[in-house]
Each structure stands twice: as structure tokens, then as C-alpha cells.
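>>> The following comprises the amino acid sequence and a computationally predicted model.
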Amino acid sequence: MNKLCLLSLVIGLASQSAWAENATTGVGAASTLQAKNAFIANLMKQMTLDEKIGQLRLISIGPEMPKPEILKEITAGRIGGTFNSVVLPDNRAMQDAAGHSRNKIPMFFAFDVVHGQRTIFPISLGLASTWDMNAITRTGRVSAIEAAADGVDMTFAPMVDITRDARWGRSSEGFGEDTYLVSRISATMTRAFQGTSMQAPNSIMAVVKHFALYGAVEGGRDYNTVDMSPVRMQQDYLPPYRASIDAGAGGVMIALNSINGVPSTSNAWLLQDVLRRDWGFKGVTVSDHGAIKELIDHGVAKDFREAAKLAIKAGVDLSMNDKAYGEELPGLVKSGEVSEKEVDNAVREVLGAKWEMGLFANPYLRIGAAVDDPVDRNAENRLHRAEARDVARKSIVLLKNQNDTLPLKKQGTIAVIGPLAKSSMDMLGSWSGAGLPRQTVNAYDGIAAAVGDKAKLIYALGSNVTDNQHAITYLNKMDDQIAIDPRPEQDMIDEAVKAARQADVVVAVVGESRNMSHEAASRVDLVIPGRQRELIRALKATGKPLVLVLMNGRPLALGEENELADAMVESWFLGTEGGNALADVLFGDYNPSGKLPMTFPRSVGQVPAYYNHLNTGRPYRPNDSNYTSNYFEEPTSPLFPFGYGLSYSQFSVSDITLSINKMTRKDKLTASVMVKNTGKVAGETVVQLYLRDVAASISRPVKELKNFQKIMLNPGEEKSVSFTLTEEDLKFFNPSLKYAAEAGEFKLMIGLDSEDVKETTFNLL
Ligand code: NOJ
């Protein structure tokens with residue numbers, strides 16, 4: 001061991017115990033900051049310019065570069081970290097190679113651990129439907145534990161892009177449309193990934209993404225332009241990133257989109273003024289895949305050289321999978337166009353991140369020793385099935401339940417139909433880490449396990465997930481293919497109808513394949529694709545009770561299905577234990593409590609659809625539509641509003657009581673309601689508080705979520721639910737971007753979704 005390494009080990013070990021005391025403080029806790037800075041400054045003094053530039057290179061493990069070449073590059077000090085490798089011996093070999101480099105700077109290993117590593121939890125939109133921070137903490141913690149056990153140090157998550165346009169395929173990856181809810185989840189997930197200390201062997205560094213505003217791409221088309229007013233940015237879109245940073249996120253991934261004409265990757269305002277100056281971020285920034293090179297296509301750099309120059313000057317530390325820095329920075333520094341100080345700034349952050357991840361103290365912190373490697377890395381005992389099942393059932397949203405069609409009885413004959421009913425691959429959802437379809441319970445298997453021999457199941461495919469050849473060709477270029485049954489569609493529908501006729505009830509599992517709700521998977525329509533809608537009509541025509549189980553990664557336009565189905569269950573993509581969780585809900589072993597984190601529009605033409613819109617001068621009024629802001633072919637209201645979701649219990653909410661109705665800036669105002677379970681079974685619901693600033697210096701939304709509580713009530717039980725508001729809750733960004741509360745009248749609403757609310761008013765003096 002050379003002197004430098006010994007020093008790092010000593011400082012590192014010392015720092016580890018100090019970090020344990022500083023639980024959850026995240027990056028740069030004061031007690032270790034000096035030691036860290038001294039160590040890094042000393043290390044950087046010994047590095048050549050080429051070695052520094054090498055640290056800025058993050059490469060993907062894949063077909064791009066053969067393994068022996070990667071090892072050679074690492075030993076030569078030309079790679080700082082990799083992503084996409086979750087195989088311990090491979091990561092160990094790379095770390096060994098780093099040990100043979102001149103400075104022995106450890107590598108780090110990153111991966112997209114978005115909603116699970118080996119055990120896959122529901123997609124993020126499903127997690128958001130739980131409105132349950134304990135469930136989200138469990139998801140993040142299990143993900144971190146499993147990822148760290150696979151030698152992963154860093155995740156490219158949480159993904160907290162606010163989105164109001166369901167056409168965007170990456171809606172599935174985020175937590176929905178609401179700033180408050182997404183910010184709460186963002187902070188919770190960040191803390192869960194990073195644990196009590198980022199230097200713990202079972203913690204991974206969170207890299208919040210995609211900074212910034214990626215969810216606002218025009219037309220919901222992936223990678224498209226974002227053009228947005230500064231007020232909307234500050235008020236609605238930026239807070240979730242900040243919430244993650246305030247919770248201690250070690251890294252930030254820069255978005256692929258431009259913002260008002262300037263790509264995020266070359267955006268000094270974004271990366272320096274907002275991120276570092278205003279928010280005090282002290283961690284590492286990572287470009288998205290190939291984004292530096294894309295500055296040429298954005299039309300802000302004439303060539304690779306200029307792209308590298310713009311990115312490093314803007315504040316992009318790590319370059320993901322392009323050679324821009326390696327090829328261009330040496331020349332740029334030589335010519336004086338980029339100063340060595342600018343390179344140093346980036347290198348300092350990369351080394352800082354390695355320190356924070358505990359890698360200088362122990363490069364094998366998460367890789368461990370070869371003797372401890374699992375014999376089978378896919379072994380069943382490495383999974384956390386109980387946790388996944390519990391979180392999955394919490395994320396299911398009951399959309400309709402006419403005549404108590406649900407819960408079903410475990411008896412008689414049940415027809416399970418639909419192209420997604422037996423798909424374990426789709427159950428995993430997009431970005432499914434190292435999750436395996438063969439370890440995943442699909443809907444049919446979950447239902448079969450629940451009924452055992454108490455009921456008979458009949459199965460039919462019913463239709464393919466889509467018959468659109470353009471879509472099939474496009475989607476099949478992704479990692480997994482859409483399974484297509486070559487039989488004529490009508491034959492498959494006829495077969496399903498025959499099965500339905502023999503059954504007492506029909507459960508149709510329909511929706512989207514997982515690669516339809518993914519990166520680069522934007523849609524022009526929001527209806528259930530292909531011939532599945534015809535299948536649903538045909539099943540309805542049998543007269544049998546029809547339960548639709550929806551699998552999809554975005555809000556769908558379900559107007560017709562809502563008419564046809566007796567019951568409708570939104571299950572998103574539920575992950576490893578999906579089928580079991582679904583069966584728990586279908587048969588009433590679990591009472592559903594999920595609430596929608598995104599508005600479900602009636603038609604694609606309504607998007608962007610979001611509950612916290614401005615009122616306009618001619619607001620839509622359902623019974624007075626002349627010359628008001630609406631669409632004329634159908635009601636302008638959503639089909640299912642934000643925050644909506646039914647239960648097998650019914651709940652009533654009393655009128656609101658306020659502790660005061662005139663509030664000074666020092667006061668705390670308490671708003672209370674009584675919530676009662678008027679149903680026959682115990683159940684949970686989410687009590688939601690919304691505010692509206694009636695007249696302000698800028699038009700304010702018709703309502704904004706400010707708080708919520710999830711409560712459990714036994715049949716007949718009544719509980720008081722109280723929320724406390726301070727001046728802070730009334731603040732907003734005014735036209736001069738000042739964040740302040742203005743005196744005047746506020747509407748305060750409490751209810752069980754964003755539309756079904758009780759209302760009262762108070763004044764801020
Ligand atoms: C591109 C995606 O935009 C980003 O979210 C992801 O983290 C990287 N690829 C790495 O896989």
C-alpha cells in the first residue's frame with residue numbers, strides 16, 4: 001500500500017465513524033469536511049492533467065467496449081467510474097485494475113436502481129399512488145441494500161421530473177404531476193437510498209434527475225424542447241430536485257432537454273446559479289448519456305471541441321458515455337480556452353463523491369471479498385418478497401366498483417383474460433434493475449395462488465397488446481420484445497368470449513406493454529392500444545360481471561371502459577410480487593387505498609391535464625359553457641381527478657373547523673375535520689389539504705396540495721384529522737421571483753381527492 005492510500009484509509013476510517021454520528025446530513029458534514037478537502041487537495045497535487053480528465057469519464061458497461069480494454073483503460077487512469085455492471089467479480093476486477101493505476105484512485109459503480117434492484121417494487125407512479133412515506137422508505141432501503149450487495153455504489157435516482165402530459169413515456173418513472181407530493185417522495189427516497197450514512201456498506205449515493213424540467217417536454221415527446229416561465233419553474237417544477245438535494249443527495253444528473261433555448265448540459269445559469277449558488281449543492285453533477293456530444297445537435301456547439309468546452313464551463317463534472325472530455329479537454333487546456341482550474345473544479349467533485357461513498361476508505365466497501373460472493377447471484381433468498389408485496393398492494397388504485405363487484409369470492413369459475421394476464425416481463429415495468437421475469441408473479445399466477453382449489457380458472461389471451469405494426473417495429477428495437485400471437489385477432493376475441501361465457505366473472509388484464517411506458521416511448525393517443533378495446537366490448541356483451549385490471553405506466557383515457565366495466569383497478573406495473581398483490585386486492589385480503597398521483601383525462605386532447613391549473617378569466621363551468629375555457633365535444637373535467645381512489649370502505653368527511661380565521665404572520669392555523677369510516681370493513685384513506693390564494697399579485701392555481709395524512713379506520717370509527725399551517729405554506733413566487741406570502745383571503749379545502757372537498761376561508765393579515 002502506498003503512502004497516499006494509507007493516508008486515505010486512516011482518514012477514511014476516521015471519517016466513517018464521524019459520519020455515523022451525522023446521520024442523514026448527506027454531503028459535506030462539517031466534521032469531516034476539512035479532512036476530506038485536505039485529502040483531495042493533496043491527491044490532486046499528484047495528478048497529471050490526463051489523470052484528472054480520466055476521472056471525469058463515466059462509461060457504460062456494454063457492447064461499446066470489451067472487458068479487457070476497460071481494464072486497460074482503468075489501469076491507465078482514463079476511467080473514473082462505470083454504470084450497468086451488477087456482477088461482483090466484474091466490479092472487483094475493475095476495482096483491482098484501479099488499484100494498479102498510478103494514483104490508485106478507486107472506481108465507483110453506478111446503476112439505474114429506480115424502483116428496485118433484484119426485488120422489483122411498483123413503478124414510481126405506483127409508488128406515488130401509495131401516498132405512504134413508510135412504504136417509499138422501505139422501497140428505497142431494500143433497493144439500496146440489494147444494489148450495494150451487487151457492488152453498486154450509486155443510483156441514478158430518484159427521478160423527480162414533474163409531468164402533466166401523459167403522452168410522455170417517462171411519466172412511469174416519475175412520481176406524477178404535483179409539486180408537493182413529488183417533493184415529499186423525492187426527499188424520502190433520497191434518504192432511503194443513502195441511509196444513515198452514505199459511507200455505510202448498505203447505502204448507495206442518490207443522483208437526483210433529470211435536472212431540470214425534463215417532464216415538461218413539448219407535446220410529451222421525449223427529448224423535446226422545454227420552454228417555461230421563470231415563475232412556473234420556481235413554483236412547480238424545480239422544488240422536487242431541491243427537496244432531494246436538501247435531503248442530502250450526493251449527485252445530480254443533468255437533463256437532456258434545453259430550457260428556453262439553452263440545453264441543460266451547457267446551462268451555466270442552471271448548474272451554477274440555481275444549483276450551487278442558490279441551493280448550496282456541494283455534490284457531483286453527471287451528464288446524461290451522450291449529452292455533451294448532443295450539444296452539437298442542439299445547435300449550440302459547432303463541434304465536439306466546443307461541446308466539451310461549453311459543458312465543462314457550465315459545470316458538468318462527469319461525462320456519461322461520450323469521449324468529449326477525454327478527447328477535447330487536453331487541447332482546450334493547452335490553448336487556454338479552458339483553465340486547469342475549471343477542470344479541477346469538476347475533478348474535485350468526482351473525488352469528493354468517491355470520498356462520500358466511502359471508497360477511499362475501502363474501495364471494496366460494497367464489492368466485498370470473493371469468498372463471500374453468492375454462489376448464485378439470482379438466488380431466491382436474496383429477494384425481499386414480503387416488502388414488495390406489501391408496497392405493491394398499497395399502490396393499487398380502485399377506480400370503479402359498481403354494485404360492490406369487488407372483492408371477488410374465491411369460488412365458482414373465474415375467466416382471466418387479456419394479453420397482460422400472463423406476462424411476467426411486463427409486470428416488472430420499465431427500468432427494472434436486475435429483476436428477472438422468472439422470479440416475478442404475473443396476474444394469472446397470483447390469482448391462481450389465491451384461489452387454490454376453491455375456484456376454477458379459465459384463461460384466454462383475448463388479443464395482442466397492439467396490432468399497430470409501426471408501434472411493434474419501433475418497440476421491438478428496445479431490450480425486450482412485444483410478444484405477438486400470429487392468430488387472426490378475431491379468433492382470439494372469439495376464444496376469450498367463449499371462456500367468459502363459461503365463467504361467473506371475468507377479470508380482464510389489459511393496458512400497455514412495459515416498453516410503451518419507457519424512455520423514448522411517447523404516445524399520440526392515450527386509449528388502451530390495439531384490439532384490446534374490442535376485446536373489452538365483446539367481453540361486456542357476454543353479460544358477465546367485468547373487472548378490468550389495468551397495467552400501464554401513464555394515465556390512460558378510459559371513458560368507454562369506465563362505462564363498460566363493473567369494476568376497474570389501476571395496477572400500474574407492480575413488480576416482482578405484482579400478481580400476489582393484485583390478488584390480495586381482488587379478493588379483499590387487502591382493502592385498496594391508493595390515490596392517483598396524476599389526473600386521468602377523458603381524452604388525449606385534454607393534456608396537459610393537471611388539477612392545480614390557473615382559473616383563467618373565463619373558467620370552465622360545467623353548466624354554463626358558452627364562451628368559457630373548455631372543449632366542446634365532452635366535459636372538460638377529468639375522468640378521474642388527482643388524488644382520487646376508492647376503497648372497499650366508505651368514508652365521510654365533516655365540515656372544516658379552523659382554530660382562527662384571521663391569521664397573522666406569526667400565527668399557526670389549525671384546520672380540522674372528522675373522518676368516519678361508514679363502511680363495513682376496516683380501511684385506509686388519504687385526507688388531503690388544498691389551498692387557494694384568492695387574489696394575489698399573480699394568478700394563483702385553483703387549488704394546491706399543501707399536506708395530507710393517511711389514516712386507518714375501523715368500521716364505524718371516527719377520527720379527528722388536523723393540519724397546521726404557517727405563513728410558509730402560503731408563500732409563492734411573485735412576478736419578481738420573490739418567495740413571499742401576500743395578505744388577503746385564502747380558500748382552504750380538505751377532502752379525499754382534489755375535487756371532492758369541503759371548503760372554508762381564512763385571511764392572512
Ligand atoms: C439515459 C436516461 O435518460 C437516464 O435516466 C439514465 O440514468 C441513463 N441513461 C443511464 O442509464
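Perfect, thanks for sending it. None of these values were measured; they are calculated from a predicted model.
>>> From here on, just use CA atoms for contacts and neighbour counts.
Fine.
>>> Output the below-cut-off pLDDT ranges for the stretch 1-150 of the chain.
Counting by pLDDT under 70, the ranges of the stretch 1-150 of the chain that qualify are 1-31.
>>> for the ligand, what are the nearby residues on it?
Proximity of the stretch 1-150 of the chain to the ligand (Cα under 6 Å from any ligand atom) is limited to residues residue 112.
>>> can you rerun that using 8 Å?
60, 83-84, 111-112 (Cα under 8 Å from any ligand atom).
>>> now the protein, which segments are flagged as low pLDDT?
Using pLDDT under 70, the flagged stretches of the chain are 1-31.
>>> middle-most residue in it, spatially?
The centre of the chain sits closest to residue 174, judged by Cα atoms, centre = their mean, with a distance of 3.1 Å.
>>> Count the neighbours of residue 115 for me.
Using other Cα atoms under 10 Å, residue 115 has 29 neighbouring residues.
>>> Please determine how far the closest residue to it other than its chain neighbours is located from the ligand.
In space, and not counting its chain neighbours, residue 115 is closest to residue 121: 5.4 Å by Cα to Cα, 6 or more residues apart in numbering. Separation of residue 121 from the ligand (Cα to the nearest ligand atom, to the nearest Å): 18 Å.
>>> again, but for residue 672
According to Cα to the nearest ligand atom, residue 672 and the ligand sit 41 Å apart.
>>> can you give me phi and psi for residue 110?
phi -110, psi 160 (degrees, to the nearest 10).
>>> who's in contact with it?
Contacts of residue 110 were listed using Cα atoms under 8 Å, 6 or more residues apart in numbering, and they are 81-85, 152-156.
>>> Please point out which parts of stretch 540-548 sit buried.
The neighbour-count criterion (16 or more other Cα atoms under 10 Å) identifies 540, 544-548 as the buried residues of stretch 540-548.
>>> any residues touching stretch 336-355, and which ones?
Contacts with stretch 336-355, where a contact means Cα under 8 Å, 6+ apart, come from 12, 36, 40-41, 44, 49, 52-53, 55-56, 106-108, 250-251, 282-285, 309, 312-313, 315-318, 329, 332-333, 360-361.
>>> In helices only, show me the residues you listed.
The members of the contacts of stretch 336-355 that map onto helices under DSSP state H are 12, 36, 40-41, 44, 49, 52-53, 55, 309, 312-313, 329, 332-333.
>>> Same list, the residues of the stretch 1-150 of the chain next to the ligand, but as a markdown table with secondary structure and neighbour count please.
A markdown table is the format used below for those (DSSP: H, G, I helix; E, B strand; the rest coil; neighbours: other Cα atoms under 10 Å):
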| residue | secondary structure | neighbour count |
| --- | --- | --- |
| 60 | strand | 19 |
| 83 | strand | 22 |
| 84 | coil | 17 |
| 111 | strand | 22 |
| 112 | coil | 21 |
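>>> Farthest pair within those residues?
Among these, the pair separated by the greatest distance (Cα to Cα) is 60 and 112, at 11.4 Å.
>>> Name the residues contacting each of the two.
Common contact partners of residue 60 and residue 112 (Cα under 8 Å, 6+ apart): residue 84.
>>> Buried ones among the contacts of stretch 336-355?
Burial by neighbour count, judged by 16+ other Cα under 10 Å, picks out 12, 36, 40, 44, 52-53, 55-56, 106-108, 250-251, 282-285, 309, 312-313, 315-318, 329, 332-333, 360-361 from these.
>>> Nearest to the ligand: which residue in the stretch 551-700 of the chain?
residue 553 (15.8 Å; Cα to the nearest ligand atom).
>>> Spit out the contact partners of that residue.
Each residue near residue 553 by Cα under 8 Å, 6+ apart is listed here: 123, 125, 169, 171-172, 429, 512, 514, 516-517, 572-573.
>>> same check, this time on residue 385
Counting by Cα under 8 Å, 6+ apart, residue 385 touches 119, 576-577.
>>> run the last query once more with 7 Å
Residue 385 is in contact with 119, 577, counting by Cα atoms under 7 Å, 6 or more residues apart in numbering.
>>> Check the one 10 residues further on too.
If you count contacts by Cα under 7 Å, 6+ apart, residue 395 has them with 126-127, 129-130, 594.
>>> ok, so what distance separates it from residue 600?
16 Å (Cα to Cα, to the nearest Å).
>>> and what of residue 305?
Going from residue 305 to residue 600 by Cα to Cα gives 45 Å.
>>> the more surrounded of the two?
Neighbour totals were compared for residue 305 and residue 600, and residue 600 leads with 27 against 18 (other Cα under 10 Å).
>>> Verify the stated contact: the more buried one with residue 554.
No - Residue 600 lies out of contact with residue 554 (Cα atoms under 7 Å); the separation is 8.8 Å.
>>> Report the secondary structure state of residue 673.
Secondary structure assignment for residue 673 (DSSP: H, G, I helix; E, B strand; the rest coil): strand.
>>> do the same with residue 47
Applying three-state DSSP: residue 47 is coil.
>>> list the contacts for it?
Taking Cα under 7 Å, 6+ apart, we find residue 47 in contact with no residue.
>>> Would you check how far apart it and residue 326 are?
To residue 326, residue 47 is 15 Å away according to Cα to Cα.
>>> Ok, residue 349 next?
As judged by Cα to Cα, residue 349 and residue 326 stand 17 Å apart.
>>> who's in contact with stretch 748-757?
Outside stretch 748-757, the residues that touch it by Cα under 7 Å, 6+ apart are 641-644, 653, 686-692, 758-761.
>>> can you rerun that using 8 Å?
Residues outside stretch 748-757 that contact it (Cα under 8 Å, 6+ apart): 595, 611, 641-645, 653, 656, 673, 685-692, 758-762.
>>> Any buried residues in that stretch, and which?
By neighbour count on 16+ other Cα under 10 Å, the buried set for stretch 748-757 is 748-755, 757.
>>> can you tell me which of those residues are in strands?
The members of these that map onto strands under DSSP state E are 748-751, 757.
>>> What is the most widely separated pair among these?
Longest span within those, Cα to Cα: 748 and 751, 10.3 Å.
>>> Show me where the stretch 501-650 of the chain has its helices.
532-541, 559-564, 578-586 (DSSP state H, counting those that start in this stretch).
>>> Mean neighbour count, the ones you listed: which tops it?
helix 578-586 (a mean of 27; mean count of other Cα atoms under 10 Å).
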